[in-house]
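A.B. asks: With the sequence up front, the predicted model follows.
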Amino acid sequence: MSNAAQPRTGALPLVVLEGISRVYGSGDAAVTALAGIDLTVASGEFVALMGPSGSGKSTCMNVIGCLDTPTAGRYTLAGLEVTALDADARALLRRYVIGFVFQGFHLLPRLTALENVELPLLYQGVKAAERRARAQAALAQVGLSGREGHRPSELSGGQQQRVAIARAIVTRPQLLLADEPTGNLDSARSHEIMQLLAALNATLGVTIVMVTHEPEMAEYAGRIVHFRDGRIEREERGGLCG
Amino acid sequence: MWMIAWREAVRALSRNPLRSFLTVLGVVIGVAAVIALVTLGRGATAAVQQQIAAMGSNVLFISPSRGFGPGSATVPFSVEDARFLEREAATIAIAAPAAATNRTVIAGNQSTTTQIVGIGEGYLAARQWPVIEGREPTPGELRSGAAVCLFGQTVATALFGDRSPIGERVRLDKLTCTVIGVLAAKGQSAFGSDQDDVVMVPLRLYHRRIAGNTQVRFIIAAVAPGYTSREAIAEVQQLLRERRRVAPNESDNFRITDSREIERTFTATTRMLTALLSAVAAISLVVGGIGIMNIMLVSVTERTREIGIRLAIGARAVDVMTQFLVEAVVLSLAGGAIGIVLALGASYLAAQALGFPFLVDLGVIALAVLFSAAVGVVFGFLPARRAARLDPIVALRQE
């Protein structure tokens, strides 16, 4: 590993960050979360972002997810220059290109599992019958067939995260972003979720970028990027792939 | 997207039905007030128009006082004044003198207090008021002041029940007279008095035996065919000013009212009442709108995380805005619908009780629906914009 963050040979770059900085506030109160990051993620990769809290990994994830706008630098997603797009266009990228999985699951409590999974398709304007069929298929993919009618409060933590993963993949996104997906789960449940993500990466070819602080979980990724003080400190190959 | 937004809004609101209901109460009251008022107002106007038609159209009421309030001494009319008008005014077909007072009528052991009207020749014809039983007084009886009388329906029923009063002798004060006819029912006057609560006697008899003077309290004039009441009023006014020697710089010492003017007065009153109460209703709608805004702001705060999730999975700001605007509109429309139902129910019952016709004004209902939707849009805008402007990262972090 010479220079940080080179893509795997032969694969097209999906995420390209060039000199990305993110500074919160201004003047004396300014806090630098990202200080000039270069990172390229190829299509089909599974990358883990690691580092202590405040190292910039979550900010980096938010920038990749088009939720946060960098102060400086250039971000290209699937060939589109995100830093040149307005808020609505970035929302459309989240709608069609990106799927999110969060640490706190972030399901809507009053909707059933099926309705939660249907939600992104609703914004895509998919018709009711197709929406339902695709949501059912996504729930089956995460091993939750038969739980369609349950509300989040009637499901265990692991099951809720599976619903969230189903919601993230139901739109068949090119990029799946997972922010501490196992942070609220016990060890056994965590490994199940990681195996599921690894399987989705392998079978669907969906690119995954995951933030975690647990080295055990990062081992599922093909590449591990270590952050420190808003910079990429070093990079290593994931244990399961290396 | 729109259909879904509607369905989601209904679902979000039905999660907390009591809160939703209390939120829209202001709109309910505002809409209910407007609709009930307009519905009852239309019924009342229709009822008055019926009564004015019953009073006789194209009839002038001429009284010797200037107005209703206290003023200079009244110069009374005489029987001659009526004859003069009938003779001189081309626009007047009949001018009948009359006077009235209240007296007790006694028949056997029954008695009732009623209005006694002394009528001159042509009175019944001018008012287009037929006798349905018995006969009218003959011109001879009217001229001589014969002791005969006509009963209105109310008096006939009060004193004789189902029996015919024709030929019966009744007492008016110290005077005894014979009932020769019963008048057709007229119903209420525009001012709410019972026109059938009346006994008519020849004016001459009235002057001699009841009033003790020869004053004419009012003249009923029927406008001649081919003339409008406006033309008739102008001519009568000019003739009476000359006859009563009113100087050019003085105002009339008499008053001419036509049946249409009564209708106009009433319509103006109704309109003013409706306008006043509509203003109150508008205030209620604004207060209701503020209530909706308040609850929508609370709702946006409560659902910050939901908004964050929606933004993360691809909702644009405009999608979030639409969602909350639709919710506010659904709230206020539901309030409007409840208000309309309440108002129609209440005004139906009120119309029944007051004897008005129940007339629904579809235009006003459409307007109420439009207005309540507008209240939702206007007062939902601020909360919806606040929701749409949330930063997804901050919103997701919210517990």
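C.D. replies: That came through, no problem.
A.B. asks: what helices or strands is the helix-or-strand element of chain B with minimal mean pLDDT leaning on?
C.D. replies: Within chain B, no helix or strand scores below helix B:2-14, which has a mean of 81 by mean pLDDT, DSSP states H and E. Other helices and strands packing on helix B:2-14, by 3 or more CB pairs under 8 Å, 6 or more residues apart in numbering or on different chains; DSSP states H and E, are helix B:317-354. All C-beta spots, glycine's among them, are computed from the backbone N, C-alpha and C.
A.B. asks: The helix it packs on packs against which elements?
C.D. replies: By 3+ CB pairs under 8 Å, 6+ apart, helix B:317-354 packs against helix A:87-96, helix B:2-14, helix B:17-55, helix B:259-302, helix B:304-312, helix B:362-388.
A.B. asks: Tabulate the CA atom coordinates of the shortest one in CSV.
C.D. replies: Think helix B:304-312. Output in CSV follows, covering the C-alpha atoms of helix B:304-312 (Å, rounded to 0.1, in the frame of the first residue of the first chain):
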residue,chain,number,x,y,z
THR,B,304,-38.1,15.2,13.5
ARG,B,305,-36.5,11.7,13.4
GLU,B,306,-39.2,10.5,11.0
ILE,B,307,-38.5,13.5,8.7
GLY,B,308,-34.7,12.7,8.9
ILE,B,309,-35.4,9.1,7.9
ARG,B,310,-37.6,10.2,5.0
LEU,B,311,-34.9,12.6,3.8
ALA,B,312,-32.3,9.9,4.0
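A.B. asks: what residues does that helix touch?
C.D. replies: The set of residues external to helix B:304-312 that reach it, using CB atoms under 8 Å, 6 or more residues apart in numbering or on different chains, is A:65, A:67, A:91, A:94, A:100, A:102, A:106-108, A:119, A:123, B:300, B:317, B:319-320, B:323, B:387, B:390, B:392-399.
A.B. asks: Using PyMOL, make a named selection holding only the buried ones among those residues.
C.D. replies: Remark: buried members of the contacts of helix B:304-312, expressed as a PyMOL selection using 16 or more other CB atoms under 10 Å in any protein chain shown:
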select buried, (chain A and resi 65+67+91+94+100+102+106+107+108+119+123) or (chain B and resi 300+317+319+320+323+387+390+392+393+395+396)
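A.B. asks: Please work out which residue of chain A is closest to chain B.
C.D. replies: Residue nearest to chain B within chain A: A:R95 (2.6 Å; CB to the nearest CB).
A.B. asks: thinking that residue is in contact with B:G314, fair?
C.D. replies: Yes - contact criterion CB atoms under 8 Å: A:R95 and B:G314 qualify, at 2.6 Å.
A.B. asks: Could you pull out the residues contacting both of these two?
C.D. replies: What both A:R95 and B:G314 touch, as defined by CB under 8 Å, 6+ apart, is the set A:P120, A:Y123, A:Q124, A:T171.
A.B. asks: can you tell me which residues contact the closest residue to B:T322 other than its chain neighbours?
C.D. replies: Of all residues beyond its chain neighbours, the one nearest B:T322 is B:A5 (5.7 Å), with distances taken as CB to CB, 6 or more residues apart in numbering or on different chains. By CB under 8 Å, 6+ apart, the contact set of B:A5 is B:T322, B:Q323, B:V326.
A.B. asks: Could you list the low-confidence segments of chain A?
C.D. replies: A:1-11, A:238-242 (pLDDT under 70).
A.B. asks: quick one on the thing from earlier: and the angle from the least confident helix or strand of chain B to helix B:17-55?
C.D. replies: 100 degrees (axes from the mean of the first three to the mean of the last three CA atoms, to 10 degrees).
A.B. asks: just how off-centre is helix B:2-14 within its chain?
C.D. replies: Centroid separation between helix B:2-14 and its chain, computed with CA atoms, centre = their mean, to the nearest Å, is 43 Å.
A.B. asks: what helix or strand does A:S55 sit in?
C.D. replies: Counting by DSSP states H and E, no helix or strand carries A:S55.
A.B. asks: That one touches A:V225, doesn't it?
C.D. replies: No - the pair A:S55 / A:V225 is not scored as a contact, 10.6 Å apart, by CB under 8 Å.
A.B. asks: Chain A contacts on chain B?
C.D. replies: B:1, B:4, B:11-12, B:15, B:305-306, B:308-319, B:392-393, B:396 (CB under 8 Å from any CB of the partner chain).
A.B. asks: and with 6 Å instead?
C.D. replies: B:I4, B:E306, B:I309, B:A312, B:I313, B:G314, B:A315, B:R316, B:P392, B:I393 (CB under 6 Å from any CB of the partner chain).
A.B. asks: Point out the least confident one among those.
C.D. replies: Across the set of these, B:I4 stands lowest in pLDDT, at 74.
A.B. asks: residues touching whichever residue of chain B sits closest to chain A, list them.
C.D. replies: In chain B, no residue comes nearer to chain A than B:G314, which is 2.6 Å away by CB to the nearest CB. If a contact means CB atoms under 6 Å, 6 or more residues apart in numbering or on different chains, then B:G314 has A:A91, A:R94, A:R95, A:P120, A:Y123 as its contacts.
A.B. asks: Can you pick out the most distant pair from those?
C.D. replies: A:A91 and A:P120 (11.8 Å; CB to CB).
A.B. asks: Now do the longest helix belonging to chain A: everything it contacts.
C.D. replies: Assignment by DSSP state H gives helix A:187-204 as the longest helix of chain A. With CB under 6 Å, 6+ apart as the test, helix A:187-204 has contacts from A:F46, A:G158, A:Q161, A:P181, A:T182, A:V206, A:I208, A:M217, A:Y220.
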